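Colleague: output the structure for:
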Amino acid sequence: MPALARTRSYQYLDCYTGTPGVPADAYSVEFTIFDISTDARKAVPEQVYPVSGARSVLDVVADKVGAGHYRTAWAPVDAGTTLWPRGRHRITWYWKLTAGGTDYETSEEFDVVATGRSWGYCLPSDLRDEGLTTTEAGDQRLANVIQLATQMIERYCVRWFEPRVQTFQLDARQWFSPRVVDGTIRRVLAMPQPIVALTSIAIADTPVALTDIKVYNRHLEGLTTPDDREIPKIEWLLSYWSYGLAWLEFSSNFSQGLRIVDVTGVFGYTDPDGSVVGVTPAMIQHACKLLVMREFPTMSGDVDTREDRQQRWRVVSDRTRDQQVGLAPRVAGSFTGDPDVDRLLDAYRRISLAAGV
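Modeller: Numbers count the residues shown, from 1 in each chain. Next comes the predicted model:
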């Protein structure tokens with residue numbers, strides 16, 4: 001979830017086209033940007049780019065990042081003496097997969113800030129909605145803390161919660177399933193992160209046709225029982241040969257080897273929302289906000305407020321006259337010790353691969 005500084009011009013927003021879990025190149029891509037920074041504008045969004053009633057057109061060749069993945073270099077740069085409006089905005093993408101085909105539309109919210117371009121699992125405006133003022137934390141401070149909280153979440157959960165393009169070099173010996181075909185080779189390969197979509201696979205630098213591979217990303221279609229995000233994997237599709245009156249199963253396999261399988265695609269733990277790549281889970285966004293509220297007071301100038309926000313959960317007794325406060329012991333082995341935060345993140349922490357593959 002990006003926050004774009006209105007003084008910088010090298011920022012971007014991404015669009016994925018296709019169907020859930022299956023990006024596909026578009027015939028055309030357009031977008032509009034709306035200001036929804038106030039309650040009145042949330043009710044009636046004000047188009048701020050391009051001019052009202054028009055759409056900005058992407059070059060589907062020059063602006064293409066990967067299969068079904070496009071990027072606009074739009075940025076809220078100051079125009080003369082007119083400053084771009086700060087606060088929450090919405091970009092709406094419009095695309096067609098074929099000429100004269102169905103019109104598709106998706107939207108994403110982002111922030112425009114004065115300074116401090118950031119990225120994270122919540123927006124500065126989310127914290128402003130919770131009552132955090134610019135006096136308590138300016139845009140630069142808030143951007144820094146949101147990025148810190150996001151990195152803390154990923155470090156603890158051992159996964160990320162947005163679509164990211166990634167290439168994994170995998171050991172067919174390290175990431176395989178126990179489903180043995182002949183004792184030395186296997187047809188199921190577990191992945192380190194939940195799969196959104198695959199764009200290419202190669203074994204020992206030899207490309208593999210994606211039509212021969214089954215991708216376990218059914219959660220993007222709304223199927224979460226079982227949840228493919230917990231044990232992400234890919235599998236060679238089975239073929240069947242007729243042998244007399246019997247049918248024999250046959251498939252290719254992932255031969256053993258170190259760094260032998262290259263898998264490129266979009267990965268991340270996202271919730272289905274009908275879009276191609278899904279969305280950051282709401283509980284992760286909430287956990288990020290809680291962590292920011294704990295961490296935003298500065299270490300030197302606001303020590304009392306910082307300590308109060310980080311230790312408040314431990315208070316079991318409080319005597320105001322004598323100023324005596326009783327604190328519960330810290331929980332050994334916990335992340336923050338704050339049960340409100342830890343319970344949220346524990347539900348999303350990656351399980352051991354050895355337990356499920």
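
Colleague: and the residue nearest the centre of the chain?
Modeller: With distances taken as CA atoms, centre = their mean, E162 lies nearest the centre of the chain, 0.6 Å away.

Colleague: what's the spacing between that residue and D63?
Modeller: Note on E162: its distance to D63, by CB to CB, to the nearest Å, is 20 Å. Any C-beta I mention is one placed from the backbone N, CA and C, and that applies to glycine too.

Colleague: how are the helices of the stretch 151-300 of the chain distributed by residue range?
Modeller: 282-295 (DSSP state H, counting those that start in this stretch).

Colleague: can you give me the strands in it?
Modeller: Remark: strands assigned in the stretch 151-300 of the chain by DSSP state E, counting those that start in this stretch are 164-170, 185-186, 188-190, 195-203, 206-208, 213-215, 233-236, 239-243, 246-250, 254-255, 261-267.

Colleague: can you put the ones you listed in CSV and add mean neighbour count and distance to E154?
Modeller: Formatted as CSV, the strands of the stretch 151-300 of the chain follow (neighbours: other CB atoms under 10 Å; distance: least, CB to CB, whole Å):
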stretch, mean neighbour count, distance to E154
strand 164-170, 15, 11
strand 185-186, 18, 29
strand 188-190, 22, 20
strand 195-203, 21, 16
strand 206-208, 12, 29
strand 213-215, 17, 23
strand 233-236, 20, 21
strand 239-243, 9, 39
strand 246-250, 10, 40
strand 254-255, 20, 28
strand 261-267, 23, 13
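
Colleague: mean pLDDT added to those strands, as a markdown table?
Modeller: Shown next, in a markdown table, are the strands of the stretch 151-300 of the chain (pLDDT from 0 to 100):
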| stretch | mean pLDDT |
| --- | --- |
| strand 164-170 | 89 |
| strand 185-186 | 60 |
| strand 188-190 | 84 |
| strand 195-203 | 91 |
| strand 206-208 | 87 |
| strand 213-215 | 90 |
| strand 233-236 | 88 |
| strand 239-243 | 54 |
| strand 246-250 | 51 |
| strand 254-255 | 68 |
| strand 261-267 | 91 |
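
Colleague: nearest to E295, of the ones you listed?
Modeller: Comparing the strands of the stretch 151-300 of the chain against E295 with CB to CB, the closest turns out to be strand 164-170 (23.8 Å).

Colleague: packing partners of the closest one?
Modeller: Packing partners of strand 164-170 (3 or more CB pairs under 8 Å, 6 or more residues apart in numbering; DSSP states H and E): strand 261-267.

Colleague: tell me how far the strand it packs on lies from the chain's centre.
Modeller: Mean C-alpha position of strand 261-267 versus that of the full chain (CA atoms, centre = their mean, to the nearest Å) differs by 16 Å.

Colleague: adjacent strands (with direction) for that strand?
Modeller: With DSSP bridges as the test, strand 261-267 is paired with strand 164-170 (antiparallel), strand 195-203 (antiparallel).

Colleague: and these as CSV, adding distance to T102?
Modeller: Output for the strands paired with strand 261-267, formatted as CSV (distance: least, CB to CB, whole Å):
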stretch, distance to T102
strand 164-170, 26
strand 195-203, 20
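
Colleague: nearest to Y12, out of these?
Modeller: Judging the strands paired with strand 261-267 by CB to CB, what sits closest to Y12 is strand 164-170, at 13.2 Å.

Colleague: before we move on, back to that, dump the residue contacts of the residue nearest to the centre of the chain.
Modeller: E162 sits next to M1, Y121, G268, T270, T280 when contact means CB atoms under 8 Å, 6 or more residues apart in numbering.

Colleague: for P76, give its distance to I91.
Modeller: In terms of CB to CB, P76 sits 11 Å off from I91.

Colleague: so where's the stretch 101-250 of the chain uncertain?
Modeller: Applying pLDDT under 70 to the stretch 101-250 of the chain picks out residues 116-117, 172-185, 238-250.

Colleague: go again using 80 as the cut-off
Modeller: 114-119, 134, 137, 171-187, 238-250 (pLDDT under 80).

Colleague: distance of Y70 relative to A149?
Modeller: Distance, Y70 to A149, using CB to CB: 29 Å.

Colleague: all helices for the stretch 1-150 of the chain, in order.
Modeller: 39-43, 124-129, 139-157.

Colleague: nearest to A5, of those helices?
Modeller: Across those, A5 has its closest neighbour in helix 139-157 (7.9 Å, CB to CB).

Colleague: same for that closest one, what does it pack against?
Modeller: Helix 139-157 packs on strand 2-5, strand 104-113, strand 118-119, helix 124-129, helix 282-295, helix 339-346, going by 3+ CB pairs under 8 Å, 6+ apart.

Colleague: can you do 7 Å?
Modeller: The elements that helix 139-157 packs onto, with contact taken as 3 or more CB pairs under 7 Å, 6 or more residues apart in numbering; DSSP states H and E, are strand 118-119, helix 124-129, helix 282-295, helix 339-346.

Colleague: what distance do you get for V48 to A137?
Modeller: Going from V48 to A137 by CB to CB gives 25 Å.

Colleague: these two: which is more packed in?
Modeller: Under the neighbour definition other CB atoms under 10 Å, V48 and A137 were set side by side, and A137 has more, 22 against 19.
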